Structure formats: structure tokens, C-alpha cells
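Quick one, what's the 3D model for this:
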Amino acid sequence: MGSKFKVAGILAVGAIAGALTTMQLQAVARNAMSPLPLEEVQQLAAVFDRVKAEYVEPVDEKKLINDAIAGMVAGLDPHSQYFDKKSYKEFREETGGRFIGIGIEMGMEDGLIKVVSPIEGSPAFRAGLKPGDLITRIDDTPVKGLTVDQAVKRIRGEPNTKVNFNIFRKAENRSFPLTIVREEIRMQSVRAGMPAPGYGWVRVSQFRETAVEEFVKKVEDLYKQDPNLKGLVLDLRNDPGGVLDGAVALSAAFLPSDVVVVTTNGQLPESRATFRASPEYYARRAGADPLRRLPAALKTVPLVVLVNEGSASASEIVAGALQDHKRATVMGAQTFGKGSVQTVRPLPSDTALKITTARYYTPSGRSIQAKGIVPDIWLDETAEGNVFAALRMREADLDKHLQGADEKKDGEREKAREDARKKLEEQAAKSKEPIKPLPEFGTAEDFPLQQALNQLRGLPVIASKTAAAEQRAEAPTKK
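A predicted model of the protein is given here:
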């Protein structure tokens, strides 16, 4: 496999997810439909008839219509999408945090599926899969050549059905077959730990519907381990977003009651709203505050928020709110820049339309669309510098993205990505060793986490020299 594809595989999980995952804003559909443009509808019907009658082989009418609808919506922006019956079911499973599968967090390495972590209690966990295991074959299909989505579709399936794997365990330098029975999996959105005595770490990987209750439980566990925590790191790196009420709730966990968390503005009246740090804005049931069990100390514990280019949407809401209210020090890299809200409208026949309905703004009124949250302290990915950062896509790089405030077309990022990829490929060609992936988040080798802990402990922080230089170069010249 060429080194270009090795690099792409390493980046697949963070970059792609950051670009595609959305959040929902509950809204009521309009009562009245706008009149259809008759001439254009007649033209669409004429094309449909021509394709049906003259295409080289028979075509399915329903597929033609679905493709026409999907194309119409896809032409709006990168985040609007038409869901057919199957994709709508998958979307609901993803946001609901439940699906049928084996229960692994996965990435790509050298074109193979890498087990990042088996979900505790899942079939994969019980079968003995370990972090770092590589899946080389799924049933009769070699994994090399498959995209992440294609591999996921083969791993998922009906409950109580078997899926056969071939596993390569690098630590033991051996391959072995493994059969796992699929079952319903509850995805884990939150992990936590004590990376240093007196200091907690909470990682939110995605704002699914279950994220808030998971967050509360993990924080409770941390305070049971140490009721006098000296500091906390909230890790939102590579968190692509999710449901809006989850972002509001997580912000409210650290902020004073009733302060503004985020505002939205769009064409519909219900898209123009202010969300505050109060249960009425995030509780799913009236009178039930999911944050009620959190210790009061969480409102004042010294806090660092870690972000990177893969932090998008809901995670940017949290980082922006805590930054604007000066509740936390934001450290890392400039975030993805997805400052738009998507509403999911159910349609007949178990289909749906996910459509961009609003832009969101931080409490101080900043629109971060196509810009992102700029950290208070810039950090590199490793002690040696940034390995993959320049390769990651951001909102401003996506075709048809909504224009940000004062946004100018920037060809420098595209050039930087191309130069960085060539450099990595040259290094890979010269070296016999494969490109070393970044350390797992939360480990002792996690450089940004160690700098965040230094910040909380009042120790020197190794800030990014490269990013600081770029910031000075981009600063406007006073005349």
C-alpha cells in the first residue's frame, strides 16, 4: 500500500467524522408549502421520462427519484442530507447510541481495521479483542481496500448472527480466527480517568443522546476517587459533535445557572433562539435535571478544555461557551469551524430530511462558521511537533460550505496539506518503519494532555512555536 493511503487511513476517523456529524435542533415544520416553480418541475419530469425510456438498460423508478432528491439536498451544503429508509434507521441508531454489532471503537492503520478499544461488556470485549488488534478479514472479505463505512456495514448486521474475523495481534506477532455473535450495543461517548494524583480527565468522543448521563456518571466516579480534585481536563479532541441539548447540558455543568450558552439564527422563527445553562433548555423530560447529581465543586474546579482540528459542532459550542465566560483555558489547535445547525424532518415512508436551518453563535456573539474556536494556548500534537495536523480537513475546506463572517478564499491551507502529505510520503519512503500513529488519548504519551496537566498544576507549558509564528504572520498590520 502506498504511503499516501497509509496517511489517509490514520486520519480517517477524526477528519471524516468531524466533517460529517451534525447536531439536531427540534423544530416544527411549516404549515404552508411554497408554490412549486411549474416550469422547472415540468423539466424535471421530462428528464425523468427520457432517462426511463432511453437509458442503456432499465432503471428503477424509485431509485431515480431518490437520487434526484438526494442530489437536490446535497447541492445545498456539506451537512444537509436526504435519508432513505435504510440510512435514516442507521442515523437514528448512531445518535441514539445503540446499534447491532460487536462493540468496538475502531480506526484504520495500514489499510486494516484497528481496534482502538473494545466497549466494556460487549461481544468483542468478551471474545478477548484487545486495543491494537488488527482485523485483516471480515467473513470472506479482505479488509484492505475497504473504506471505514464499508467495513462497518460488514461488521454490523442482525442480532444473534455470527461474523467471522481474522485477527493479527502485533504484540504477539500472530494471526488467529475469531467468531463473534452480534448483539445490541450501547456506545460509550465518555471516558474518564486520573492521569495524575488529584487531577481528572474526562473525554467526550461524541455528543450522542446518552452522552450527558454517561458524563454525570464518570464525573461522580472521579469525585468518589478524590473528593478534592485540584483540576479537570475536558477532552473534546476529534469530537465531531452530535445533539444540541447535550452540548448545552455539558456547558451548564461548569457554568453559573442561566447564563447564555449559545444562540442560533435562521430563516424560521423557531431557529432564532437563545439556549441558557438551565434544565429547561437541555432536560429531555420536564422537571428532570440530568445534572442534579453532579458535585457542586464542578462549578469552580480549575478547568482546561482540549480541542483540535477534529473538534466540531457541539464540541465547539462547549469550548466557545466556556471560553467566552472565562470558565476554562482552551488549549490545542483551532477547531473545525462547523457553526451551523441541522434540523431532522421526518418524511413519509420512514425517510427524513436533514437540513441546515440556522447558524450558531457563542455567548459573546461570535460566529465560528468556517473559522472555529481559536485556543487560548496552542499546542502541538507531539513533543516533536505536528505530524498530521496540516493534513486534516476543516469546514472552510469543504465544497459548498456556508461562508463565514469575513471569510476569504484561502489556498494556503490546501497547499499546506499537499506539502505536508508529500513530506510524510518522502519520510515513509526513506524509512523502513511505517508511519507512527499518534499516541492514544489519555495515556502518559499523550503530549497535549500532559501540557494541560502542567497548566492546571502551574508548571511550564510547551506551547506550539509553529502555530505562534503563523498567528503573528496572519495578524493584521497596523497602518
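
Would you confirm that Leu306 belongs to a helix?
No - under the criterion used here (DSSP: H, G, I helix; E, B strand; the rest coil), Leu306 is strand, not part of a helix.

distance of it from Asp221?
As judged by CB to CB, to the nearest Å, Leu306 and Asp221 stand 20 Å apart. In short, each C-beta sits where N, CA and C put it, glycine included.

who's more crowded, these two?
Leu306 (27 against 13; other CB atoms under 10 Å).

Phi and psi next, for the residue nearest to that one when sequence neighbours are not counted.
Sequence neighbours aside, Asp235 is the residue nearest to Leu306 in space, at 4.7 Å (criterion: CB to CB, 6 or more residues apart in numbering). Main-chain dihedrals, Asp235, degrees, to the nearest 10: phi -100, psi 110.

check contacts around Ala383.
By CB atoms under 8 Å, 6 or more residues apart in numbering, the contact list for Ala383 reads 447, 462.

since we're on Ala127, how many residues are nearby?
A count of nearby residues for Ala127, using other CB under 10 Å, gives 16.

How about it, nearest residue that isn't a chain neighbour?
Nearest one to Ala127, counting by CB to CB, 6+ apart, is Ile180 at 5.0 Å.

what sits opposite that neighbour in the beta ladder?
Val163 (DSSP bridges).

quick one: contacts for it?
In this structure, Ile180 makes contact with 102, 123-124, 127, 162-163, 165, judged by CB under 8 Å, 6+ apart.

Turn those residues into CSV, including distance to Asn265, pLDDT and secondary structure.
Compiled in CSV, these are given as follows (distance: CB to CB, whole Å; pLDDT from 0 to 100; DSSP: H, G, I helix; E, B strand; the rest coil):
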residue, distance to Asn265, pLDDT, secondary structure
Ile102, 42, 94, coil
Pro123, 45, 95, helix
Ala124, 43, 93, helix
Ala127, 49, 94, helix
Lys162, 50, 97, strand
Val163, 46, 96, strand
Phe165, 48, 96, strand
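
Now render those residues as a markdown table, adding distance to Pro295.
Putting the contacts of Ile180 into a markdown table (distance: CB to CB, whole Å) gives the following:
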| residue | distance to Pro295 |
| --- | --- |
| Ile102 | 36 |
| Pro123 | 35 |
| Ala124 | 33 |
| Ala127 | 37 |
| Lys162 | 45 |
| Val163 | 42 |
| Phe165 | 42 |
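
Restrict those to the buried ones and give me that as a PyMOL selection.
Per 16 or more other CB atoms under 10 Å, the buried members of these correspond to this PyMOL selection:
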select buried, resi 102+123+124+127+163+165
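
re the thing from before, and the residue nearest to Leu306, how close does it get to Leu391?
From Asp235 to Leu391 the distance is 21 Å (CB to CB).

Those two - which one has more neighbours?
More neighbours surround Asp235 than the other of Asp235 and Leu391, with 28 against 19 (other CB under 10 Å).

Quick one: residues contacting Glu93.
Phe99.

List the buried residues for the host helix or strand of Thr95?
Under the criterion of DSSP states H and E, Thr95 resides in helix 85-96. Buried positions in helix 85-96, judged by neighbour count with 16+ other CB under 10 Å: 88, 91-95.

CA atoms only: put that helix into PDB for me.
Extracted C-alpha coordinates of helix 85-96, given in PDB (Å, rounded to 0.1, in the frame of the first residue of the first chain):
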ATOM      1  CA  LYS A  85     -35.300   4.300   4.800                       C
ATOM      2  CA  LYS A  86     -32.100   2.400   5.500                       C
ATOM      3  CA  SER A  87     -29.800   5.400   6.100                       C
ATOM      4  CA  TYR A  88     -32.400   7.100   8.300                       C
ATOM      5  CA  LYS A  89     -32.500   4.000  10.500                       C
ATOM      6  CA  GLU A  90     -28.700   4.000  10.700                       C
ATOM      7  CA  PHE A  91     -28.700   7.700  11.600                       C
ATOM      8  CA  ARG A  92     -31.200   7.200  14.500                       C
ATOM      9  CA  GLU A  93     -29.100   4.300  15.800                       C
ATOM     10  CA  GLU A  94     -25.900   6.500  15.700                       C
ATOM     11  CA  THR A  95     -27.400   9.500  17.500                       C
ATOM     12  CA  GLY A  96     -29.300   7.200  19.900                       C
END
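
avg pLDDT for that helix?
What helix 85-96 shows for mean pLDDT is 85.

Stretch 381-396 too?
80.

Next, the buried residues of it.
Here stretch 381-396 shows 381-382, 386-396 as buried, counting by 16+ other CB under 10 Å.

what's the span of that stretch, first residue to last?
Start-to-end span of stretch 381-396 (CA to CA, to the nearest Å) is 21 Å.

for stretch 272-279, same thing?
One end of stretch 272-279 to the other measures 19 Å (CA to CA).

ditto for stretch 47-60
End to end - CA to CA - stretch 47-60 spans 14 Å.

in that stretch, what's buried?
For stretch 47-60, it's none, nothing buried (16+ other CB under 10 Å).

contacts for that stretch?
Contacts of stretch 47-60 (CB under 8 Å, 6+ apart): 61, 64-65, 68.

Can you pull the phi/psi pair for Val233?
With angles defined as degrees, to the nearest 10, Val233 sits at phi -110, psi 120.

Let me see the contact set for it.
Neighbours of Val233 in contact, by CB under 8 Å, 6+ apart: 195, 199-202, 303-306, 449, 452-453, 456.
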